[in-house]
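Undergrad: Fold the following, please.
(chains A, B, C and D)
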2 protein chains.
Amino acid sequence: MLAKRDKMDLQTDKIILESARKVFQRSGYGGARMQEIADKAGISKASLHYYYRSKDKLFQTVFRDDIQLFLVPLVDILRDPSLTLKERMRTFVGSYIRTLLDNPGLPLFIMQELSSNPERLVSLVEDTVPGTNPLLAVFIRQIENGIEVGECNQVDPEQFILSMISMCVFPFVGRPLIQLLLRKDEQEYRDFLAEREKEIMEYLLRILFSNHRPSDVPPN
Amino acid sequence: MLAKRDKMDLQTDKIILESARKVFQRSGYGGARMQEIADKAGISKASLHYYYRSKDKLFQTVFRDDIQLFLVPLVDILRDPSLTLKERMRTFVGSYIRTLLDNPGLPLFIMQELSSNPERLVSLVEDTVPGTNPLLAVFIRQIENGIEVGECNQVDPEQFILSMISMCVFPFVGRPLIQLLLRKDEQEYRDFLAEREKEIMEYLLRILFSNHRPSDVPPN
DNA sequence: ACTTGTATTGACTAAATGGTCAAACCAAAA
DNA sequence: TTTTGGTTTGACCATTTAGTCAATACAAGT
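TA: Residues are numbered from 1 along each chain as shown, chains lettered A, B, ... in the order given. So this is what the prediction gives:
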């Protein structure tokens, strides 16, 4: 009775989504078991099906939420027209690493499912991110402009952006392996990732601005 | 009869491993189906069990091979004592991107399985890579040395190495998503990745050597 | 107290899945 | 030709899994 009330207050369907998210993230769609999700949510498997008719429906809901969580900050920052080049980079790196510190399992899950079922990509991504077309256009334009006026070094804008994303995301995707290579425990690795924001920015500035020196990080 | 001979010549167990690799890479351990592996290898499920007694045994074999393929070049280059700093970086990036171009699905598979079953990590990785201890020691020492003598910029060696690995590996892990963002088809993306080797080296040199200018790429 | 609409579950089903086995197959040795 | 050894498979089994359903519990309105 009390238990039931508690669940009601916490919204059973939200609890289910949280449990499902964990199980799907760890095992993928094929490896996930409805029973395990039900157990983790503290309900029966029948109740689980009462809320979400099928495994597929449940997965769709979880995946849609996750891909949105993963893409929205990226997209918003990448094409915000009011940001300068340096601001855009700094905002992206900071915001992204913070998002991922809160959801460490997110990228690997999305990559795995997208890779094993690429068809879902088109419909869901274009569903989540309206107007995919000019996603990187603003960013690329800014870099090209910087090169033209001689402020920036010659870089391929696409390669540069991919490098920025790589440096932010990969430490979360490859976490177990890197953690072993660097011989760090959970807490040490978290600290290492938090430190990483500053370090990445430093790298990006050095790549892009040949006259950049460590001292001119704080201003701007 | 002919079919059977063909299979014999090509070593049935090798065919099985190739099929299993593909299925495991796409679906993970939990999502993979023995029937699908058998079908892809052109044999019956019973034959599949004749060669590899259980799904677990088959997976172990595939995974062991893959993690070796993934780690050996990394390890060998990272601690080869005869390489200079720049040589080490150049060799690593070149060799690694080429390895991954031949096995694009490798990193994501390893990351996924390592993440859902981290215990396997310790035993298998330390099994595959003997003496994990001084893996990054040589590399880190070289960077620290370069900083001391004023040749290199101030960087955290661990963060720098992680960035190098990230830029090489992530484009393969995040392939479907990035391919969509950059609007490239298969061939365009392959070309993009092949180009990437030069671009990454340029970035790494700029990060590490403040006096580096685009012109001094070719010599050493 | 009775009704009503929602939430919950134990028991069940049908299909899928990993795994087994005896029988058949086949090339090469005897 | 017969035997022998490894190879292959159809049929089968036990277990697991997603999904169903009738029965129950329960809070709220009447």
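
Undergrad: As a check, name the ranges of all helices in chain A.
TA: Using DSSP state H, the helices of chain A run over residues A:2-9, A:12-31, A:34-41, A:45-51, A:55-78, A:85-102, A:106-116, A:118-128, A:137-148, A:157-173, A:175-182, A:186-208.

Undergrad: ok, residue A:167 to residue B:170 distance?
TA: Between residue A:167 and residue B:170 the distance, using C-beta to C-beta, to the nearest Å, works out to 8 Å. Glycine gets a C-beta too; all of them are placed from N, C-alpha and C.

Undergrad: Burial check on residue A:154, number of neighbours?
TA: Residues near residue A:154, counting by other C-beta atoms under 10 Å in any protein chain shown, number 8.

Undergrad: Buried ones in stretch A:64-81, by neighbour count?
TA: Using 16 or more other C-beta atoms under 10 Å in any protein chain shown as the test for burial, stretch A:64-81 gives A:66-68, A:70-71, A:73-75, A:77-79.

Undergrad: cool, stretch A:15-30 as well?
TA: Along stretch A:15-30, these residues count as buried under the neighbour rule (16+ other C-beta under 10 Å): A:15-17, A:19-29.

Undergrad: Present those as a markdown table; the columns should include distance to residue B:207.
TA: Formatted as a markdown table, those follow (distance: C-beta to C-beta, whole Å):
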| residue | distance to residue B:207 |
| --- | --- |
| A:15 | 45 |
| A:16 | 46 |
| A:17 | 41 |
| A:19 | 42 |
| A:20 | 41 |
| A:21 | 36 |
| A:22 | 37 |
| A:23 | 40 |
| A:24 | 37 |
| A:25 | 33 |
| A:26 | 35 |
| A:27 | 38 |
| A:28 | 35 |
| A:29 | 39 |
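
Undergrad: before we move on, back to that, out of the helices of chain A, nearest to DNA strand C?
TA: Distances from DNA strand C to each of these were compared by C-beta to the nearest atom of the strand, and the smallest falls on helix A:45-51, at 2.8 Å.

Undergrad: Does DNA strand C have contacts with the closest one?
TA: Yes: legend: contact between helix A:45-51 and DNA strand C by C-beta under 7 Å from any atom of the strand is shown at A:45-47, A:50-51.

Undergrad: Using neighbour counts, trim these to the buried set.
TA: residue A:51.

Undergrad: got the residues of helix A:45-51 next to DNA strand C as TSV, with pLDDT and distance to DNA strand D columns?
TA: Supplementary listing: these in TSV, determined by pLDDT from 0 to 100; distance: C-beta to the nearest atom of the strand, whole Å:
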residue	pLDDT	distance to DNA strand D
A:45	96	6
A:46	96	4
A:47	96	8
A:50	96	7
A:51	96	11
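
Undergrad: What's the per-residue pLDDT of residue A:128 here?
TA: The model reports residue A:128 with a pLDDT of 75.

Undergrad: which residues does it contact?
TA: Contacts were defined as C-beta atoms under 8 Å, 6 or more residues apart in numbering or on different chains; by that measure residue A:128 touches A:64, A:67-68, A:71-72.

Undergrad: same thing but at 7 Å, please
TA: Residue A:128 is in contact with A:67-68, A:71, counting by C-beta atoms under 7 Å, 6 or more residues apart in numbering or on different chains.

Undergrad: Chain B next: which of the buried residues of stretch A:15-30 are close?
TA: The overlap between those and the neighbourhood of chain B (criterion: C-beta under 7 Å from any C-beta of the partner chain) consists of A:26-29.

Undergrad: List just the nearest of those residues to residue A:202.
TA: Nearest to residue A:202 among those is residue A:26, at 34.2 Å by C-beta to C-beta.

Undergrad: Find the residue closest to the closest one in space, skipping its chain neighbours.
TA: Ranked by C-beta to C-beta, 6 or more residues apart in numbering or on different chains and with sequence neighbours excluded, the top spatial neighbour of residue A:26 is residue B:116, at 5.1 Å.

Undergrad: Can you tell me the number of residues neighbouring that neighbour?
TA: 20.

Undergrad: Let me know whether it touches residue A:30 as I believe.
TA: No: using C-beta atoms under 7 Å, residue B:116 and residue A:30 do not qualify as a contacting pair, with a distance of 11.6 Å.

Undergrad: ok so, going back, format the buried residues of stretch A:64-81 as JSON lines; extra columns: pLDDT and distance to residue B:86.
TA: Shown next, in JSON lines, are the buried residues of stretch A:64-81 (pLDDT from 0 to 100; distance: C-beta to C-beta, whole Å):
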{"residue": "A:66", "pLDDT": "94", "distance to residue B:86": "41"}
{"residue": "A:67", "pLDDT": "92", "distance to residue B:86": "40"}
{"residue": "A:68", "pLDDT": "91", "distance to residue B:86": "43"}
{"residue": "A:70", "pLDDT": "92", "distance to residue B:86": "36"}
{"residue": "A:71", "pLDDT": "90", "distance to residue B:86": "37"}
{"residue": "A:73", "pLDDT": "83", "distance to residue B:86": "36"}
{"residue": "A:74", "pLDDT": "86", "distance to residue B:86": "33"}
{"residue": "A:75", "pLDDT": "87", "distance to residue B:86": "37"}
{"residue": "A:77", "pLDDT": "93", "distance to residue B:86": "34"}
{"residue": "A:78", "pLDDT": "90", "distance to residue B:86": "33"}
{"residue": "A:79", "pLDDT": "88", "distance to residue B:86": "37"}
